[in-house]
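A.B. asks: kindly return the folded structure for what I paste below:
(4 chains)
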There are 4 protein chains.
Amino acid sequence: MKVGVLGATGYAGQELVRLLHRHEEVKELYLSSSSVAGENYETVYPHWEGQNVGILQDEDIPDVDVLFCALPHGLTAERTGGFLARKMKVIDLGADFRLNSGEIYEEWYKIKHPATDLLKDAVYGLPELYREQIRGKSLIANPGCYPTATLLALVPLLRKRLLQTNYLVIDAKSGVSGAGRGASLNTHYSEINENFKAYGVASHRHTPEIEQELSRAAGIPLTVNFTPHLVPMTRGMLATIYAKVSEGISEEDLRSCWLDQYEKEEFIHLLPPGTWPQTKFSSGSNHAFLQLTLDERTGNAIVISTIDNLLKGAAGQAIQNMNLAMGWPEARGLKGTALWP
Amino acid sequence: MKVGVLGATGYAGQELVRLLHRHEEVKELYLSSSSVAGENYETVYPHWEGQNVGILQDEDIPDVDVLFCALPHGLTAERTGGFLARKMKVIDLGADFRLNSGEIYEEWYKIKHPATDLLKDAVYGLPELYREQIRGKSLIANPGCYPTATLLALVPLLRKRLLQTNYLVIDAKSGVSGAGRGASLNTHYSEINENFKAYGVASHRHTPEIEQELSRAAGIPLTVNFTPHLVPMTRGMLATIYAKVSEGISEEDLRSCWLDQYEKEEFIHLLPPGTWPQTKFSSGSNHAFLQLTLDERTGNAIVISTIDNLLKGAAGQAIQNMNLAMGWPEARGLKGTALWP
Amino acid sequence: MKVGVLGATGYAGQELVRLLHRHEEVKELYLSSSSVAGENYETVYPHWEGQNVGILQDEDIPDVDVLFCALPHGLTAERTGGFLARKMKVIDLGADFRLNSGEIYEEWYKIKHPATDLLKDAVYGLPELYREQIRGKSLIANPGCYPTATLLALVPLLRKRLLQTNYLVIDAKSGVSGAGRGASLNTHYSEINENFKAYGVASHRHTPEIEQELSRAAGIPLTVNFTPHLVPMTRGMLATIYAKVSEGISEEDLRSCWLDQYEKEEFIHLLPPGTWPQTKFSSGSNHAFLQLTLDERTGNAIVISTIDNLLKGAAGQAIQNMNLAMGWPEARGLKGTALWP
Amino acid sequence: MKVGVLGATGYAGQELVRLLHRHEEVKELYLSSSSVAGENYETVYPHWEGQNVGILQDEDIPDVDVLFCALPHGLTAERTGGFLARKMKVIDLGADFRLNSGEIYEEWYKIKHPATDLLKDAVYGLPELYREQIRGKSLIANPGCYPTATLLALVPLLRKRLLQTNYLVIDAKSGVSGAGRGASLNTHYSEINENFKAYGVASHRHTPEIEQELSRAAGIPLTVNFTPHLVPMTRGMLATIYAKVSEGISEEDLRSCWLDQYEKEEFIHLLPPGTWPQTKFSSGSNHAFLQLTLDERTGNAIVISTIDNLLKGAAGQAIQNMNLAMGWPEARGLKGTALWP
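C.D. replies: Presented below is the predicted three-dimensional model:
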């Protein structure tokens, strides 16, 4: 088994390297970086000292069985046709194959989609919701972090018509690592530390991805209010979701629906009533945690989910997808609980 | 002018001391602490070394002109009648006089209100909304931090009937100092750092206070979904609010309403469109910052406000109230922008 | 293989559980906690939800092959004789068996040592320095975190007489998790965050442990200036050490000495010249990183080492010791690099 | 009184603006920024919204009475001759006039000093140590932050010959704001948060500045080991200093020396024995805190000092220098204790 990673020095890329390095099926690992090709991986990330991960390649990656693309949007789609022609399985951690529609992609990402003909071949790689469609697939769109946190909570409830669809509020919070390793005022320590803010208000690019998948679950087109916030911490993501329940639906109905969907899942955990998710429950692991309540005073459900944005929200889920695509046990290489404290 | 502070060693108490120490009208300062009476203030807080703040008194405070009570709920109300009889002006930073109804107090605070007869004499001390009622008053209920952030944003809009009242979501976030100086697992560094969580979901005690004041503004009883979250930072508070606008209302209508209410206010700032509040804008100051947008896709307004929870959300606002009660310029002793970075 | 953990809900205890849970030789795990016996482990630590770790036992632990004691000092020594009589191997993460002398123990820990007769049977469990003495041993004193960081750096240099012994300065810095899970003002988020301080100046209990082992390496009694500091972060430890080199010794001599000692070690990494250790290089892993320079201007060596205080500084090293005691590969269950970022 | 600030949008510049804005003698304020000239100050720093600080000028500053230069090294010295010719008083927060020797400047800063003829006219602006020389001066070199923390602790002791001069260790720790507002991997939140490291080991540019002033105090040339570290916090600086005392010197001698020097100082505080400085004691204020002990076991003094790197370590001290240069009360505009918590 040969595996390649494009964009191996970004934060998601580095997490892929960490997970692949210990994955028992992975025999050869090709790491590529356009910015620091030729460097030893340990020079870029000295905590890898002594692990012999190897030299970073340029973008001419050799034939591999599975290729992870952790690149800025637009760059992957340009080259995917070529990769597929070489019989590689492509798992894209970027946004290029998440949206079904080239028009919507262009509207939100402000560039023309480079390969609309491939959109129909891609599967949305959220294993707990689309497991069977992912098995054996060659082009997998790894979901965004905010959509993952949101969809795990809402899709089962919408599929069963337990929620009204005309007023969904998703108030989401993320650690800073989601912004990547690029240096800017938006990732500057002194500007972020001891500070909290919303960003991308009513305009974040994960909005159409969330709406696409929630609409699919609900069976009708819907829109959401999605507001991401930046938390002064490195890792972790939590979504607080507000929804009106359908008439006659009780808190117990909502819990039962989740239980039906998730009780056998290895990475999705329904906490006991009254125990609310904390981002640290997931930190460093591929586990997601869910909780909800039905506020009797207002008649609305409050739903909270948490994941590690770099694992279940990126690299961990990508490994799940590789395992499914290759026919291996889905949790291979992903065991282990959060690092606490 | 003699001023007293009950509970002078808690975080809000210490901020009161800092503000009163530099306030030009305050000539004598009596500081009380039930737990460390007899200690020098500098022993409790060594950063006061050399400032000669004095010895902490027990609770038998002498006659003062203004008495600030920064005590756990219940303790202030028991003694307020006595304080008022001694012609002191009482500014309560706790919850005892915020709610108009003893029954609602008992429902949420789980103790019988010790002085319901005084409730009608208390004024809700949010100067920008109730300035004229506060002037010269002797019993002032200093608002909670979450209610302050919420009401500054919503009350003007509800008074003008610009928002629908049947689905208000207030997703609020606070730094840890709001939990006070008591040591517990909930304030333990290793449990809070690099972590983010909701707490008091559908049950936080600031809920009835918010609803009371929003209902008063709207002219009809309303309920809200209010969810507080704990941010891994010491100071700061931000509320993200979702509301349906009334039919025909534009973003411009909302902004004009705010402008009418706040353009002459010294502490309330409407940011230019596109600039969203950050908690650090307020940190260390009495200033509040507001922003909103009308999301064309969903037809809902997204409103964000930020304050420093210990200043505009507690001690700073209490000084404003003292200034109003005593007939001094309202901003006296409160000048100054945030500490940045 | 049955393994027990006394003190399984403290931070070091929880890390032991995490490491033992995935250790392939461990078949049964008994977890004990005096404070929450009878509780499900998942109730205490909800991030373990769904992992079936089991119920916390009281202190009457059954016969196990290896028993880890993560208890306050004094409590382990009282019971160790009994454990050894039951043929258990005891690995003490506390301080009871680290010092050779009951008098010195009493001087620094302010209690009479409960089992001085066992001191001679204990081995100081720092595998990279005393590997052969640890193999097969039944009573292992797991070193303190500060001593581990210090000794890894200095012992090889002192054994080879490359440093003078009359003026050693160890300026050490630790994350807050080293203070344990107990709630106090010293671990209160708002008092620690955005703050940095020294503590235990000239009086920290790890001082005699460091001096004992450095003296042993140097072959003569020596004293050190050891000053620990508290860093506003959860995990990580870094020691900055200042030492005069012996006459004629070059930077290259120092590096060669380290290389001789450590080049085959799996967990000790000598960084390339100019790359200085950061605590995050170790965070979440059992790896230690070292660097030094000889300051030509002053003729002194500056030596820096970093470890994760809860892993190489506590639970990780304890697993290494178990592996050695049981004759298993030393790195079993400890693979993996730091979590980054 | 007209005052100008060159480099008004950096962190030290912004603190100058904050302090000057409330300074009662300052009537007109000219703010300059080469990078964002023409912008409103509130656009760069929205927390200034509503304060009418004004438009940022280019570098052609008009005639002012006092000009603060907060520019990268080299840029100020080029222009200082011209400023002085225009009868402005110049207070340089950069490094250009701190060193007496152009050669040493060139050796450490790697550029030729642009105005060595002016070096003899500059005074080293540490008021508590050189007050009389600063009064009325026209060219003041505001000290570096690390030198300020170090010199306040050591200069009195060296002047009185209480310390040996052949082995001084200064292990210093700083918050991230000292690195300025420029975005780089070294200030990237995810790389700094939950991380601690040394930097500039044996090579930091504040070394010759410290040595120059300590040598002056001791009366003989000396060298030091100075190691700065980066703490995951925004503000604050703490120096832990190790020194051998001269023969026969007691802890009491050291304390008496400090007391003689500092007992009337408004900004320097000697803490009671056993209370050790924390960076937060100074945070947001111009106050410095000192403590020491003589370690009986090793015979060495351990000395700790703390300041706010942006205030006593930069902008606050610069205001002190302005007050001295202009003949105003030295503490004008600088009152106030730290912000806690």
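A.B. asks: make it CA atoms for all contacts and neighbour counts henceforth
C.D. replies: Fine.
A.B. asks: does stretch A:136-146 reach chain B?
C.D. replies: No - for stretch A:136-146, no contact with chain B is found by Cα under 8 Å from any Cα of the partner chain; the gap never falls below 15.2 Å.
A.B. asks: whatever residue of chain A ends up closest to chain D: how many residues sit nearby?
C.D. replies: Using Cα to the nearest Cα, the closest approach of chain A to chain D is made by A:Tyr189 at 4.0 Å. A:Tyr189 has 32 neighbours, counted by other Cα atoms under 10 Å in any protein chain shown.
A.B. asks: try the one 10 residues further on
C.D. replies: A:Tyr199 is flanked by 17 other residues according to other Cα under 10 Å.
A.B. asks: so for the closest residue in space to A:Gly50 that isn't next to it in sequence, what's the pLDDT?
C.D. replies: Closest residue to A:Gly50 apart from its sequence neighbours, by Cα to Cα, 6 or more residues apart in numbering or on different chains: C:His269 at 6.8 Å. At C:His269, the predicted lDDT confidence score is 98.
A.B. asks: tell me what C:His269 is bridged to.
C.D. replies: Going by DSSP bridges, C:His269 is paired in beta bridges with C:Phe289.
A.B. asks: which residues does it contact?
C.D. replies: Contacts for C:His269 were tallied using Cα atoms under 8 Å, 6 or more residues apart in numbering or on different chains; they are A:49-50, C:262-263, C:287-290.
A.B. asks: now do the contacts for the residue of chain A closest to chain D.
C.D. replies: Counting by Cα under 8 Å, 6+ apart, A:Tyr189 makes contact with D:176, D:187-190, D:192-193, D:234.
A.B. asks: write out the residues of the stretch 151-300 of chain A neighbouring chain C.
C.D. replies: Within the stretch 151-300 of chain A, the positions lying close to chain C (Cα under 8 Å from any Cα) are A:177, A:234-235, A:269, A:271, A:275, A:280-282, A:284.
A.B. asks: please narrow these to those residing in strands.
C.D. replies: Within those, residues falling in strands by DSSP state E are A:His269.
A.B. asks: tell me how chain A divides into domains.
C.D. replies: According to automatic domain parsing, chain A is divided into the following domains: A:2-142+A:314-326, A:146-307.
A.B. asks: start and end of the last one, how far apart?
C.D. replies: Taking Cα to Cα, to the nearest Å, the first and last residues of domain A:146-307 lie 9 Å apart.
A.B. asks: buried subset of the contacts of C:His269?
C.D. replies: Neighbour counting by 16 or more other Cα atoms under 10 Å in any protein chain shown classes A:49-50, C:262, C:287-290 among the contacts of C:His269 as buried.
A.B. asks: most neighbours out of the contacts of A:Tyr189, which is it?
C.D. replies: With neighbours taken as other Cα under 10 Å, the top of the contacts of A:Tyr189 is D:Tyr189, carrying 32 neighbours.
A.B. asks: show me what counts as buried in the host helix or strand of A:Glu42.
C.D. replies: Using DSSP states H and E, A:Glu42 sits in helix A:41-44. For helix A:41-44, the neighbour count (16+ other Cα under 10 Å) marks A:41-42 as buried.
A.B. asks: what of stretch A:240-251?
C.D. replies: A:240-245, A:250.
A.B. asks: dump those residues into a markdown table; add distance to chain D, pLDDT and secondary structure as well.
C.D. replies: Conversion of these to a markdown table gives the following (distance: Cα to the nearest Cα, whole Å; pLDDT from 0 to 100; DSSP: H, G, I helix; E, B strand; the rest coil):
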| residue | distance to chain D | pLDDT | secondary structure |
| --- | --- | --- | --- |
| A:Thr240 | 24 | 98 | strand |
| A:Ile241 | 27 | 98 | strand |
| A:Tyr242 | 30 | 98 | strand |
| A:Ala243 | 33 | 98 | strand |
| A:Lys244 | 37 | 97 | strand |
| A:Val245 | 39 | 97 | strand |
| A:Ser250 | 42 | 98 | coil |
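A.B. asks: show me the two of those that sit farthest apart.
C.D. replies: Distance extremes for the buried residues of stretch A:240-251: the farthest pair is A:Thr240 and A:Ser250 at 19.1 Å, using Cα to Cα.
A.B. asks: what about A:Gly136, neighbour count?
C.D. replies: So A:Gly136, with other Cα under 10 Å, has 16 neighbours.
A.B. asks: before we move on, back to that, and the contacts of the helix holding A:Glu42?
C.D. replies: Taking Cα under 8 Å, 6+ apart as the rule, helix A:41-44 contacts A:9, A:48-50, A:52-56.
A.B. asks: now these: which count as buried?
C.D. replies: By neighbour count, with 16+ other Cα under 10 Å, the contacts of helix A:41-44 hold A:9, A:48-50, A:53, A:55-56 as buried.
A.B. asks: quick check: the farthest pair among the residues you listed?
C.D. replies: Across those (Cα to Cα), the longest gap, 17.3 Å, separates A:Thr9 and A:Gly50.
A.B. asks: and the residue lying closest to A:Thr275 once chain neighbours are set aside, what pLDDT?
C.D. replies: Leaving aside its sequence neighbours, A:Thr275 sits nearest to A:Gln291 (Cα to Cα, 6+ apart; 7.4 Å). Listed pLDDT for A:Gln291 reads 98.
A.B. asks: pretty sure A:Gln291 sits in a strand.
C.D. replies: Yes - assessed with DSSP: H, G, I helix; E, B strand; the rest coil, A:Gln291 lies in a strand.
A.B. asks: so what's the residue count around it?
C.D. replies: A:Gln291 - counted by other Cα under 10 Å - has 22 other residues nearby.
A.B. asks: next: the one 3 residues further on.
C.D. replies: Using other Cα under 10 Å, A:Leu294 has 21 other residues around it.
A.B. asks: that one: which element?
C.D. replies: Going by DSSP H and E, A:Leu294 is part of strand A:288-295.
A.B. asks: just A:Leu84 next, same as before
C.D. replies: Using DSSP H and E, A:Leu84 falls in helix A:75-85.
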